[in-house]
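Visitor: next come a sequence and a model predicted from it.
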Amino acid sequence: MNGITGIGSGTVVTEASSLNVRSGPGASYPVVGSVADGASVAVYCQATGSTVTGPYGTTAVWNRIGTNRYVLDAFLLTGYDGYVPNVPRC
């Protein structure tokens with residue numbers, strides 16, 4: 001946790017140099033940016049979206065890291081498998 005109630009954090013883990021950030025919780029949403037492998041990000045809330053496989057398995061949990069900015073939980077090391085306690089659902 002980063003000290004702010006209801007907000008978690010994580011580290012991006014991908015085999016590529018960066019991870020696509022999508023406008024919504026799913027692989028069909030447009031790419032709106034990217035975050036570098038190894039970058040730390042804030043997680044404001046978590047949503048259920050399309051199911052995708054990443055380094056940490058297959059999941060439908062997506063993390064909102066900014067306004068209209070989502071990354072798949074399977075690419076984010078949060079210390080938890082799936083939903084993070086104290087992080088609200090979107």
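Guide: Yep, that arrived.
Visitor: now the strands for this protein?
Guide: Ranges of strands within the chain are 8-12, 18-22, 31-36, 40-43, 45-54, 57-66, 69-72, 76-77, based on DSSP state E.
Visitor: per-residue pLDDT, residue 3?
Guide: Note for residue 3: predicted pLDDT of 45.
Visitor: distance to residue 83 and mean pLDDT for the strands of the chain - can I get that in JSON lines?
Guide: Every C-beta, even on glycine, is put in place using the N, C-alpha and C of the backbone. Shown next, in JSON lines, are the strands of the chain (distance: least, C-beta to C-beta, whole Å; pLDDT from 0 to 100):
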{"stretch": "strand 8-12", "distance to residue 83": "10", "mean pLDDT": "93"}
{"stretch": "strand 18-22", "distance to residue 83": "19", "mean pLDDT": "97"}
{"stretch": "strand 31-36", "distance to residue 83": "20", "mean pLDDT": "97"}
{"stretch": "strand 40-43", "distance to residue 83": "10", "mean pLDDT": "94"}
{"stretch": "strand 45-54", "distance to residue 83": "6", "mean pLDDT": "95"}
{"stretch": "strand 57-66", "distance to residue 83": "6", "mean pLDDT": "95"}
{"stretch": "strand 69-72", "distance to residue 83": "13", "mean pLDDT": "97"}
{"stretch": "strand 76-77", "distance to residue 83": "12", "mean pLDDT": "94"}
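Visitor: and of those strands, who's closest to residue 89?
Guide: Nearest to residue 89, of all these, is strand 45-54, at 5.9 Å by C-beta to C-beta.
Visitor: so residue 44 touches residue 64, yeah?
Guide: Yes. Here residue 44 reaches residue 64: they are 4.9 Å apart, a contact under C-beta atoms under 8 Å.
Visitor: shared neighbours of these two, anything?
Guide: Common contact partners of residue 44 and residue 64 (C-beta atoms under 8 Å, 6 or more residues apart in numbering): residue 90.
Visitor: returning to that earlier point: I'd like the strands of the chain written out as CSV, with distance to residue 84 and mean neighbour count added.
Guide: Formatted as CSV, the strands of the chain follow (distance: least, C-beta to C-beta, whole Å; neighbours: other C-beta atoms under 10 Å):
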stretch, distance to residue 84, mean neighbour count
strand 8-12, 4, 20
strand 18-22, 18, 19
strand 31-36, 17, 14
strand 40-43, 7, 17
strand 45-54, 7, 16
strand 57-66, 8, 18
strand 69-72, 13, 23
strand 76-77, 10, 22
